[in-house]
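Visitor: I need the structure of the sequence given here:
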Amino acid sequence: MNGMINLFDRREQRTLAVLGLLLVLGLAALFFVSLSERRGYFRAQAELAARQKRFAEIDPVRRKSRSGWQAWEDARKDILEVRKSWLYSEQDGLKQLMLDVHKILGEAGIRTTGYQYEYLDLKDANLRRVNVNFQFSGSYPDLKRLMAAVEEFPKFLMIERLDFVNNFDDGNRIELKIVIAGYYEKGN
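Guide: Next up, the predicted model:
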């Protein structure tokens, strides 16, 4: 190796020494820069692992809250459908309720007497209830048909009360006071 250096004159040897020194300094600088980059890489890896762990902890909560929100949204849609389909409207609801009760009684083949209407405001809800009171005289199968007709009716009607007035006369006829309730939403 010494023999090769002797082939160069002093000026070229100095130039080669400076270039070699610059090469060593450049490699040293590159090494120190790569150390900080390496530390940054490992720091980023650790931060990524921590964030993935945090995400794994938070994701089930997020999914649960999203499903909870979806359940509330479904409930809101159900309430809107109940209001639209099952409750009577305040404007024409009373007339329609009375017509529906008479229609149910007609379809069940039941003759009644003494209609009375009672109007009640429900305090906790934005609803009003109309009770239709009447007397029924018939057989047990007639009563079953009436109950089935009320149950199958598409509006929200309920048999609120059945009061036996006379127990089975001649073993075949019963007399009842029946209260059917219908609901409609109050206007604002």
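Visitor: could you point out the longest helix in the chain?
Guide: For the chain, the longest helix by residue count, based on DSSP state H, is helix 10-81.
Visitor: I'd like the next helix or strand past that helix.
Guide: The first helix or strand that comes after helix 10-81 along the chain, using DSSP states H and E, is helix 93-107.
Visitor: wait, what's in contact with Phe136?
Guide: Ile110, Thr112, Asp142, Leu143, Leu146, Ile174, Glu175, Leu176, Lys177, Ile178 (C-beta atoms under 8 Å, 6 or more residues apart in numbering). The way it works is simple: take the backbone N, C-alpha and C, and place the C-beta from them, glycine included.
Visitor: Look up the pLDDT of it for me, please.
Guide: Looking at Phe136, its pLDDT reads 85.
Visitor: Okay, and it sits in which element?
Guide: strand 127-138.
Visitor: CA atoms of the following helix or strand past that strand as PDB?
Guide: Next helix or strand after strand 127-138 toward the C-terminus (DSSP H and E): helix 140-152. Extracted as PDB, the C-alpha positions of helix 140-152 are listed here (Å, rounded to 0.1, in the frame of the first residue of the first chain):
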ATOM      1  CA  TYR A 140    -119.300 -16.100  25.600                       C
ATOM      2  CA  PRO A 141    -118.400 -16.700  21.900                       C
ATOM      3  CA  ASP A 142    -119.700 -13.200  21.100                       C
ATOM      4  CA  LEU A 143    -117.400 -11.800  23.800                       C
ATOM      5  CA  LYS A 144    -114.400 -13.800  22.300                       C
ATOM      6  CA  ARG A 145    -115.200 -12.400  18.800                       C
ATOM      7  CA  LEU A 146    -115.200  -8.900  20.300                       C
ATOM      8  CA  MET A 147    -111.900  -9.400  22.000                       C
ATOM      9  CA  ALA A 148    -110.300 -10.800  18.900                       C
ATOM     10  CA  ALA A 149    -111.600  -8.000  16.800                       C
ATOM     11  CA  VAL A 150    -110.200  -5.400  19.200                       C
ATOM     12  CA  GLU A 151    -106.900  -7.200  19.300                       C
ATOM     13  CA  GLU A 152    -106.600  -7.500  15.500                       C
END
